[in-house]
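Enquirer: Sequence and predicted structure, then a few things I'm wondering about:
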Amino acid sequence: MKGSFSPPPHRSRAHASPIPVMETFGEPEGPDPFVNRPCYEFNHRLGTTANDRRCVHCRHYLTPRCPEIDEFLDDVDDLGPE
């Protein structure tokens, strides 16, 4: 049939990586400063297995309601190009 449309082939999900994996080199020095803070409130939109008291799983993480937002933003500024 002339001019027929066929969709492009799709990659199988086996090859897709939905979450980027960060590589770590060696053990972190000292305790993680972004874990077990007194202001932590679990984000219930996440699965219960994510409730590890890490700031990235807090319902206020990187929001104006986060009392530590300035510290997080300082940490991001440190990762900028030099």
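Expert: On my side now, so go ahead.

Enquirer: which residues of this structure score low on pLDDT?
Expert: Counting by pLDDT under 70, the ranges of the chain that qualify are 1-30, 76-82.

Enquirer: any idea where the helices of it begin and end?
Expert: 69-78 (DSSP state H).

Enquirer: contacting residues for residue 60?
Expert: 39, 41, 66-67 (CB atoms under 8 Å, 6 or more residues apart in numbering). Every residue, glycine included, has its C-beta placed from N, CA and C.

Enquirer: Which one of those is nearest to residue 50?
Expert: Taking CB to CB as the measure, residue 50 sits nearest to residue 41 out of those, at 13.1 Å.

Enquirer: Pick out the most distant pair among the contacts of residue 60.
Expert: 41 and 67, at 11.1 Å, using CB to CB across those.

Enquirer: how about the spatially closest residue to residue 57 that is not a sequence neighbour, what does it touch?
Expert: Closest residue to residue 57 apart from its sequence neighbours, by CB to CB, 6 or more residues apart in numbering: residue 50 at 4.9 Å. Applying CB under 8 Å, 6+ apart, one finds that residue 50 lies in contact with 42-43, 57.

Enquirer: Return a PyMOL selection command for the buried portion of those residues.
Expert: Here is the PyMOL command that selects the buried residues among those (16 or more other CB atoms under 10 Å):
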select buried, resi 57
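
Enquirer: Take the contacts of residue 50 and lay them out in a markdown table including distance to residue 34.
Expert: Converted to a markdown table, these look like this (distance: CB to CB, whole Å):
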| residue | distance to residue 34 |
| --- | --- |
| 42 | 14 |
| 43 | 14 |
| 57 | 10 |
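
Enquirer: Can you tell me which of the contacts of residue 50 is nearest residue 32?
Expert: residue 57 (12.7 Å).

Enquirer: Report the contact partners of that closest one.
Expert: Here residue 57 is in contact with 42-43, 46, 50-51 (CB under 8 Å, 6+ apart).

Enquirer: repeat for residue 32
Expert: Taking CB under 8 Å, 6+ apart as the test, what residue 32 contacts is residue 54.

Enquirer: If we use 10 Å, what do you get?
Expert: For residue 32, the contact set (CB atoms under 10 Å, 6 or more residues apart in numbering) comprises 54-55.
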